[in-house]
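Student: Please find the sequence and the predicted model below.
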Amino acid sequence: MSLDDLGRDGAHALLREMLLIRRFEEKCAELYTQQKIRGFLHLYIGEEAIAVGALSALTADDNVLSTYREHGHALARGLGAGPIMAEMYGKAGGCALGRGGSMHLFDASRRFYGGNAIVGGHLPLAVGLALADKMLGRKAVTACFFGDGATAEGVFHESLNLAALWKLPVLFLCENNLYAMGTAIELHAADTEISRRPRAFGIPAERVDGMDVVAVERAVRYAAEAAREGEGPRFLELMTYRFRAHSMYDAELYRSKAEVQRWKERDPIQLFERALRERGWLDDDARARVENDVLGEVEAAVRFAEESPWEALEDLEKHVYVRRVGADEGGA
Amino acid sequence: MATFREAIRSAMRQAMREDPRVFLIGEDVGHYGGAFAVSRGLLEELGPERIRDAPLSEAGFTGAGIGAAIGGMRPIVEVMTVNFALLALDQILNNAATLLHMSGGQVSVPVVFRMTTGAGKQIAAQHSHSLECYFAHIPGLKCLAPATVQDARDMVLGALADPDPVCIFEHALLYNLEGALDEEAAPADPWRAAVRREGRDLTLATYGGSLGKCLDAAAALAADGVEAEVLDLRSLRPLDRPAIAASVEKTRRLVVVDEGWRTGGLSAEIITSALESSFYALDAVPRRVCTAEVPIPYAKHMEEHALPKVAEIVAAAKEALRG
């Protein structure tokens, strides 16, 4: 869609969603320093336009799989800031009962299948989900987010081949933020233009400005329509940049402050705001209202997480199996 | 009468006729008819959607099977051998076995992984290993090892009826085994051990491809007046610990026969289980007969020497009888 097609309300919804991810994650970083959130915490700040643009182009019947940097996708998919925050607290009110944490957000009712932290390991799952949809005659697509680092994994190539071979409705959405953890793409890819690789499998692919939420929405919408109509998989290389460190442990020795600053000048939220102001769709009052609204939602999420109970210790062995059998029967 | 191979085929055919969600995916399962001819004829009968040839992408098609299970199908993933399953181990461990717990109970994975295991065909180290213990180690998986023709059928049906990921280990030397097959019977509970020969003097506990050797050893021992009980474990996860305890408490002596390696293997788990449950009932130190601690060699005499032998089982049993 163009900005005109989106309309003022549609545009405001996208702005609000991106800002929610930004403020939510800023709060996460703060809570991490307070040790309310532990383990790994990978922030998406800088990449918000991709999750928001892509997921606004999908339907509730579509499947979504993501990486360990998935707070943005989970929020944009509607998992709710409260259950996501509670998950990071490790609380029972979390969207995975506190079993997964930041890297493993799940909501089967929204067809959101993680939060996957073995790089590239979820790509074959996306192929399988799309295969099931095809065999069951459902007209859904499976959107699979991964980073440039995943394109060096063997399963990346295996999955592209399978999806193309069986003409499955998979959207491969590569968030190219130019670093595989701390290794620059020039150091990990023989060909740094990732969108050339899927063409070897006959998969249509294009590069998209991942800092432009409208461009992302449009590209994903077209790709999803094609996949949904049985034309097979589609691949988008979404060019973006992570403004924050890889994780809370990262000293950022591998990139310069100047480089980070250059990319911050293309902050997806500021770019979009500017476009809306030029259009006369956003003024200071409206912007402040969005800000307050989002901050209120983040505060409510923190309250929800704080008040959520801990899961009982005796539940530890629950959910290892759907059904205990044989000598395990009667066990937890 | 039927072969072990025919019994598996019969079960897969029955399952696919009864449930449109069941399909078979793997290398050479369709046009070739299965590397071990297990699925021969099924492509013609059920079509290429349900007898789905996959490229040599073990992680890819195993993961696709897992994804399809999440998406509502009931896939049977045939991995040609357990040795190749190592290429898919990330998918089996980090996805199939983990997703239910990690998602707080939301994402179940009803998939069946069938794979050949074991040595004895002179196909050298990279095609001959017995790695059941790798999989039986993993919470979230269930593991079965059929040793009879009827179990070959019943375990496929039992695994497909189960809501969790199940690995089935088929010993390569069993495919031509002939035995009685009731294709109409309700499948036997696959999760319990079975006493294949009653005895009161000692227990030979085993599974899969070593059952025949244990029965032969028991026959040899009987000629010497020793009554060995042969316990077929059938399910490697969960292990039927009560059945191990019951047999050992009856016979007071235990020899475990396992084609896996000794170090860190299933034999250690089985013996520990017996010690934990029945230490004071034992009259002798438990013994084990395992594969020599070497990659399986090609040369026939060396391969035979590396694997558990009937004479070794008999010797271990006699040692156990001495105390």
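Tutor: Structure's in. What do you need? Numbers count the residues shown, from 1 in each chain, chains lettered A, B, ... in the order given.

Student: Now do the same contact list for A:Ala54.
Tutor: A:76, A:143, A:145, A:173, A:216-217, A:220, A:238 (CB atoms under 8 Å, 6 or more residues apart in numbering or on different chains). Using the backbone N, CA and C atoms, a C-beta is placed for each residue, glycine as well.

Student: Out of those residues, which is nearest to B:Ala268?
Tutor: Of all those, B:Ala268 sits closest to A:Phe145, with 42.6 Å by CB to CB.

Student: So B:Phe23: helix, strand or coil?
Tutor: strand (DSSP: H, G, I helix; E, B strand; the rest coil).

Student: neighbours of it, just the number please.
Tutor: Neighbour count for B:Phe23, taken as other CB atoms under 10 Å in any protein chain shown: 25.

Student: Just to check, it is in contact with B:Arg52?
Tutor: Yes - between B:Phe23 and B:Arg52 there is a contact at 6.2 Å, judged by CB atoms under 8 Å.

Student: which of the contacts of A:Ala54 are close to chain B?
Tutor: Filtering the contacts of A:Ala54 for proximity to chain B by CB under 8 Å from any CB of the partner chain leaves nothing.

Student: For these, please prepare CSV with the additional fields neighbour count.
Tutor: Shown next, in CSV, are these (neighbours: other CB atoms under 10 Å in any protein chain shown):
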residue, neighbour count
A:Ala76, 25
A:Ala143, 31
A:Phe145, 27
A:Leu173, 28
A:Val216, 28
A:Glu217, 24
A:Val220, 25
A:Leu238, 28
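
Student: Where helices are concerned, which of these count?
Tutor: A:76, A:216-217, A:220 (DSSP state H).

Student: Which single one of those is nearest to A:Glu153?
Tutor: Using CB to CB, A:Val220 comes nearest to A:Glu153 of the ones in helices among the contacts of A:Ala54, at 22.8 Å.

Student: didn't that closest one look like it was pressed against A:Leu58?
Tutor: Yes - counting by CB under 8 Å, A:Val220 does reach A:Leu58; the two are 7.3 Å apart.

Student: shared neighbours of those two, which are they?
Tutor: Residues touching both A:Val220 and A:Leu58 (CB under 8 Å, 6+ apart) are A:Ala143.

Student: Mind pulling the model confidence for the residue minimising distance to the centre of chain A?
Tutor: Chain A has A:His73 as the residue nearest its centroid, 3.1 Å off, counting by CA atoms, centre = their mean. A:His73 carries a pLDDT value of 98.

Student: List the residues that contact A:Gly182.
Tutor: A:Gly182 sits next to A:246, A:250, A:252-254 when contact means CB under 8 Å, 6+ apart.

Student: if we go to 6 Å?
Tutor: Going by CB atoms under 6 Å, 6 or more residues apart in numbering or on different chains, A:Gly182 touches A:Tyr254.

Student: and B:Val230, how many residues sit next to it?
Tutor: Neighbours of B:Val230 under the rule other CB under 10 Å: 24.

Student: I'd assumed it was in a strand, is it?
Tutor: Yes - B:Val230 sits within a strand when classified using three-state DSSP.

Student: I figured it hits B:Lys213, correct?
Tutor: No - counting by CB atoms under 6 Å, B:Val230 sits too far from B:Lys213 to count as a contact (10.0 Å).

Student: if I look at B:Arg252, how far off is B:Leu321?
Tutor: Noted for B:Arg252: a distance of 10 Å to B:Leu321, by CB to CB, to the nearest Å.

Student: same thing with B:Ala186?
Tutor: 40 Å.

Student: who's more crowded, these two?
Tutor: Neighbour count, other CB under 10 Å: between B:Ala186 and B:Leu321, B:Leu321 has more, with 17 against 8.

Student: Name the residues of the host helix or strand of that one that are buried.
Tutor: Per DSSP states H and E: B:Leu321 is located in helix B:310-322. By neighbour count with 16 or more other CB atoms under 10 Å in any protein chain shown, helix B:310-322 contains the buried residues B:310, B:312-314, B:316-317, B:320-321.

Student: For that helix, give the mean pLDDT please.
Tutor: Rounded mean pLDDT across helix B:310-322 is 97.

Student: Same question for stretch B:120-135.
Tutor: The average pLDDT for stretch B:120-135 rounds to 95.

Student: ok, now stretch B:154-166?
Tutor: Regarding stretch B:154-166, the rounded mean pLDDT is 98.

Student: mind listing what's buried in it?
Tutor: B:154-162, B:164-166.

Student: Beyond the strand or helix carrying B:Val195, next helix or strand please.
Tutor: Using DSSP H and E, B:Val195 sits within strand B:194-197. Using DSSP H and E, the helix or strand that directly follows strand B:194-197 along the chain is strand B:202-206.

Student: Downstream of that next one, the next helix or strand is which one?
Tutor: Scanning forward in sequence from strand B:202-206 by DSSP H and E, the next helix or strand is helix B:211-223.

Student: Closest one of the ones in helices among the contacts of A:Ala54 to chain B?
Tutor: The nearest member of the ones in helices among the contacts of A:Ala54 to chain B, counting by CB to the nearest CB, is A:Ala76 at 18.9 Å.

Student: coming back round to it: I'd like the ones in helices among the contacts of A:Ala54 written out as CSV, with pLDDT added.
Tutor: As requested, these are exported to CSV (pLDDT from 0 to 100):
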residue, pLDDT
A:Ala76, 98
A:Val216, 98
A:Glu217, 98
A:Val220, 98
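
Student: just those now: which is nearest A:Gly210?
Tutor: The closest of the ones in helices among the contacts of A:Ala54, once distances to A:Gly210 are taken by CB to CB, is A:Val216, at 6.2 Å.

Student: Would you enumerate the residues in contact with that closest one?
Tutor: Neighbour list for A:Val216: A:49-50, A:53-54 [criterion: CB under 6 Å, 6+ apart].
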